[in-house]
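Participant: return atomic coordinates for the entry below.
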Amino acid sequence: MRYIVLGHTGFVGKNLTKYLSAEGHEVIGLSRSQCDLRDYAQLNKKLLEFRPRGIDAIFNCAANVGSVHYVTAYAGDVISDNTYIALNLYKAVLENCPTTPIVNLLSNCCYVDGPQIQEEEKWLDGTVHPSVFSFGNFKRVLYYISRCYEMQYNINSINLMFSGIYGPGDSTDPNKVHALNGMIIRMLESIENNDAEFEIWGTGKPVREWIYIDDVCKILLQSLKLEKVIEPVNVAQGQGFAIAETAQNIAKATGYQGKLIFNTDFQDGAPIKILGMGKFEDLFKDYIFYDHQEGVSQTVQYYREVL
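Facilitator: Numbers count the residues shown, from 1 in each chain. Predicted coordinates for the structure are as follows:
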């Protein structure tokens with residue numbers, strides 16, 4: 001099969017490109033160095049070039065995103081850049097390959113703010129948490145765009161809702177790295193500096209669900225076997241960890257012996273983010289997720305090699 005991965009030099013895109021290639025597929029990667037996805041003319045030209053040999057699916061991994069602090073400080077850039085990319089993608093697909101499915105990575109940050117299990121039928125019943133206002137609302141916009149293009153033009157989209165992604169291959173930039181990976185980087189730096197204390201941003205009480213990057217890649221590919229799933233599907237394990245517990249798991253993997261302290265000057269974000277499992281269990285029967293502690297250990301090893 002022949003696939004396009006948008007954002008193929010980013011965390012998810014890089015890992016997905018590697019996985020698809022290992023599975024024997026032809027992969028065309030598009031990132032800003034080859035094509036500014038915010039520029040419709042550039043993207044349309046690329047899809048026109050690829051059209052003669054066909055495109056079996058497009059994985060939309062491109063995004064201007066970063067930490068909670070990044071998406072707040074650069075909220076205008078985040079919402080505008082990502083919306084331009086999404087609109088350009090759907091317009092270019094309509095023009096060049098209207099039967100090609102688009103696989104979108106949504107995020108649990110677009111769920112309603114509140115302490116509950118996040119079920120798909122309730123995901124739009126309120127506002128997103130203020131800490132992810134720009135990116136969470138963009139992901140809702142992405143869904144609306146996919147829905148409208150399906151309604152009018154019958155463009156097929158697969159919308160998958162992921163929790164916090166972690167694993168090897170992510171950035172080392174503290175403003176861009178995903179949350180769990182960022183904590184690993186900081187703890188390894190604390191070990192290097194012989195710090196007696198490790199600071200956790202916030203109270204440590206919020207509960208988060210994490211998904212290892214290998215699972216993300218496998219599920220993205222498997223999703224192509226599903227019939228049209230325009231409505232979001234939670235990629236859910238039903239298991240969450242308090243931030244403080246996550247820090248303890250990282251300390252175990254890194255061997256950090258210092259004291260964990262909490263800096264409450266940093267905002268917590270939503271109190272709980274655990275995705276409901278019902279729809280996922282129906283569509284991805286018997287899927288077995290990567291062991292969380294082993295995933296943390298693999299990620300620690302990666303950052304030990306690259307830092």
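
Participant: and stretch 56-72, end to end?
Facilitator: One end of stretch 56-72 to the other measures 36 Å (CA to CA, to the nearest Å).

Participant: can you pull the buried residues of it?
Facilitator: Buried residues in stretch 56-72, counting neighbours by 16 or more other CB atoms under 10 Å, are found at 57-68, 70-72. Any C-beta I mention is one placed from the backbone N, CA and C, and that applies to glycine too.

Participant: same check on stretch 230-239?
Facilitator: Under 16+ other CB under 10 Å, the buried positions of stretch 230-239 are 230, 232, 233, 234, 235, 236, 237.

Participant: now it: average pLDDT?
Facilitator: Averaged across stretch 230-239, the pLDDT comes to 92.

Participant: first-to-last residue distance for that stretch?
Facilitator: End-to-end distance for stretch 230-239: 25 Å, by CA to CA.

Participant: residues in contact with that stretch?
Facilitator: 106, 108, 118-120, 123, 143, 146-147, 150, 156-163, 209, 211, 215-216, 219, 223, 274-277, 279-280, 283, 289, 292 (CB atoms under 8 Å, 6 or more residues apart in numbering).

Participant: quick revisit: which one of the buried residues of stretch 56-72 is nearest to residue 266?
Facilitator: Closest approach between these and residue 266, by CB to CB: residue 68, at 8.5 Å.

Participant: distance-wise, check the closest one relative to residue 129.
Facilitator: Going from residue 68 to residue 129 by CB to CB, to the nearest Å gives 9 Å.

Participant: overlap in contacts, these two.
Facilitator: With CB under 8 Å, 6+ apart, residue 68 and residue 129 have common neighbours residue 269.

Participant: just the ones in strands from the buried residues of stretch 56-72, please.
Facilitator: Residues of these located in strands (DSSP state E): 57, 58, 59, 60.

Participant: out of the buried residues of stretch 56-72, which comes closest to residue 46?
Facilitator: residue 58 (11.1 Å).

Participant: is the nearest residue to that closest one once chain neighbours are set aside bridged to anything, and to what?
Facilitator: Computed as CB to CB, 6 or more residues apart in numbering, the closest residue to residue 58 that is not its neighbour in sequence is residue 4, at 4.6 Å. As for beta bridges, residue 4 partners with residue 28, residue 58 under DSSP bridges.

Participant: just to revisit the earlier point, just the contacts of stretch 230-239: which are in helices?
Facilitator: The members of the contacts of stretch 230-239 that map onto helices under DSSP state H are 143, 146, 147, 150, 215, 216, 219, 279, 280, 283, 292.

Participant: can you pull the contacts of the last one?
Facilitator: Residues near residue 292 by CB under 8 Å, 6+ apart: 210, 212, 239, 241, 249.

Participant: touching, the second one and residue 302? I think so.
Facilitator: No: no contact is recorded between residue 212 and residue 302 when judged using CB atoms under 8 Å, the distance being 11.8 Å.

Participant: ok, so of the buried residues of stretch 230-239, who is nearest residue 82?
Facilitator: Closest approach to residue 82 among those (CB to CB): residue 232, at 16.8 Å.

Participant: confidence score at residue 115?
Facilitator: Residue 115 is given a pLDDT of 65.

Participant: distance of the residue nearest to residue 174 when sequence neighbours are not counted relative to residue 307?
Facilitator: Leaving aside its chain neighbours, residue 174 sits nearest to residue 182 (6.0 Å; criterion: CB to CB, 6+ apart). Note on residue 182: its distance to residue 307, by CB to CB, is 12 Å.

Participant: more neighbours: those two, which one.
Facilitator: Under the criterion of other CB atoms under 10 Å, the comparison of residue 182 against residue 307 puts residue 182 first, with 21 against 11.

Participant: is it correct that the more buried one is in contact with residue 172?
Facilitator: No: using CB under 8 Å, residue 182 makes no contact with residue 172, being 9.3 Å away.

Participant: how are the helices of the stretch 151-300 of the chain distributed by residue range?
Facilitator: Remark: helices assigned in the stretch 151-300 of the chain by DSSP state H, counting those that start in this stretch are 179-192, 213-222, 243-254, 278-283, 292-306.

Participant: out of the ones you listed, flag the one nearest residue 83.
Facilitator: Closest to residue 83 of these is helix 213-222 (CB to CB; 22.1 Å).

Participant: now for the closest one, which elements pack on it?
Facilitator: helix 11-22, strand 102-107, strand 157-162, strand 164-166 (3 or more CB pairs under 8 Å, 6 or more residues apart in numbering; DSSP states H and E).

Participant: please save the CA atoms from it in PDB.
Facilitator: Provided in PDB are the C-alpha atoms of helix 213-222 (Å, rounded to 0.1, in the frame of the first residue of the first chain):
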ATOM      1  CA  ILE A 213       4.000   5.300  20.700                       C
ATOM      2  CA  ASP A 214       4.100   1.800  19.300                       C
ATOM      3  CA  ASP A 215       0.400   1.300  20.100                       C
ATOM      4  CA  VAL A 216      -0.400   4.600  18.400                       C
ATOM      5  CA  CYS A 217       1.300   3.400  15.200                       C
ATOM      6  CA  LYS A 218      -0.300  -0.100  15.200                       C
ATOM      7  CA  ILE A 219      -3.800   1.300  15.900                       C
ATOM      8  CA  LEU A 220      -3.500   4.000  13.200                       C
ATOM      9  CA  LEU A 221      -2.700   1.300  10.600                       C
ATOM     10  CA  GLN A 222      -5.400  -1.100  11.900                       C
END
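
Participant: many thanks, have a good one.
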